[in-house]
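Undergrad: no sequence for this one, just the structure:
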């Protein structure tokens, strides 16, 4: 039973355009969400996070949106750059109790020059 | 600041053999986590140490897996005896403040043949 789902395995976007990566979750107890970026042969790198008390968090070209009623979050990258080409993982957790993350299966983003 | 270090980076062993993976967290990080990614699927939680104590080992697949963190510094994950389904990439991560964006190592790719 997968609690965090990334239904798009891959996405291609033209350089300079917006990339939108989506993530859905099922567990209403999740109150903290993160996005990680992963290059081949490297570990995941933290990108941006959002607490459930917010609906938007922005960091430079990266913005995460959270829709709690729909149990949906998205990562927007504007403008997309070729160096953004990587696998992006959505993760969810609860701030009480264990610190473990539940990850999605990832979306491979390819930014075309 | 040195990152999270894992070794070996790759290991190929035969079914039935024993393998030990090692993780050196960032200095001063009390929280240490092990995760595993199998066959391009989601990254799955294995366990969480706080210093030398196991805080949560709910993700450990079975008793063939043994994790230790002697003295609250580096950690080892031993698989004995290894089975084919244990193949995957094992990631270690550490954090100072629990849940908020941990740092992952580059992983150990384990192949059981």
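TA: Here it is on my side, so go on. All values reported here derive from a predicted model rather than from experimental measurement.

Undergrad: Where does chain A get nearest to chain B, which residue?
TA: Proximity of chain A to chain B (C-beta to the nearest C-beta) peaks at residue A:43, 3.5 Å away. Using the backbone N, CA and C atoms, a C-beta is placed for each residue, glycine as well.

Undergrad: wait, does stretch B:25-38 make contact with chain A?
TA: Yes: using C-beta under 8 Å from any C-beta of the partner chain, stretch B:25-38 reaches chain A at B:31, B:33, B:35.

Undergrad: Can you tell me the SS state at the most centrally placed residue in chain B?
TA: For chain B, the residue nearest the mean C-alpha position is residue B:34 (3.5 Å; C-alpha atoms, centre = their mean). Here residue B:34 is strand, with the state taken from DSSP: H, G, I helix; E, B strand; the rest coil.

Undergrad: Excluding covalently adjacent residues, which one is nearest to the residue of chain B found nearest chain A?
TA: Here chain B gets closest to chain A at one residue, residue B:104, 3.5 Å apart by C-beta to the nearest C-beta. In space, and not counting its chain neighbours, residue B:104 is closest to residue A:43: 3.5 Å by C-beta to C-beta, 6 or more residues apart in numbering or on different chains.

Undergrad: Please apply the same query to residue A:44.
TA: residue A:36 (3.8 Å).

Undergrad: For the one you found, what are phi and psi?
TA: phi -120, psi 150 (degrees, to the nearest 10).

Undergrad: sorry, back to before: can I get the residues of stretch B:25-38 next to chain A in TSV with neighbour count?
TA: TSV is the format used below for those (neighbours: other C-beta atoms under 10 Å in any protein chain shown):
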residue	neighbour count
B:31	19
B:33	26
B:35	27
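
Undergrad: Please name whichever of these scores lowest on pLDDT.
TA: Scanning the residues of stretch B:25-38 next to chain A for pLDDT, the smallest score is found at residue B:31, 93.

Undergrad: Tell me the backbone dihedrals of the closest residue to that one other than its chain neighbours, please.
TA: Of all residues not flanking residue B:31 in the chain, residue B:95 sits nearest, at 4.5 Å (C-beta to C-beta, 6+ apart). Main-chain torsions, residue B:95, degrees, to the nearest 10: phi -150, psi 150.

Undergrad: can you check residue A:84 too?
TA: Dihedral angles for residue A:84 - degrees, to the nearest 10 - are phi -80, psi -10.

Undergrad: Around the closest residue to it other than its chain neighbours, count how many other residues there are.
TA: Leaving aside its sequence neighbours, residue A:84 sits nearest to residue A:111 (C-beta to C-beta, 6+ apart; 5.1 Å). Neighbour count of residue A:111, defined by other C-beta atoms under 10 Å in any protein chain shown: 21.

Undergrad: Mind telling me what element residue A:111 is part of?
TA: strand A:107-112 (DSSP states H and E).

Undergrad: quick one: buried residues of that strand?
TA: By 16 or more other C-beta atoms under 10 Å in any protein chain shown, the buried positions in strand A:107-112 come out as A:107, A:109, A:111.
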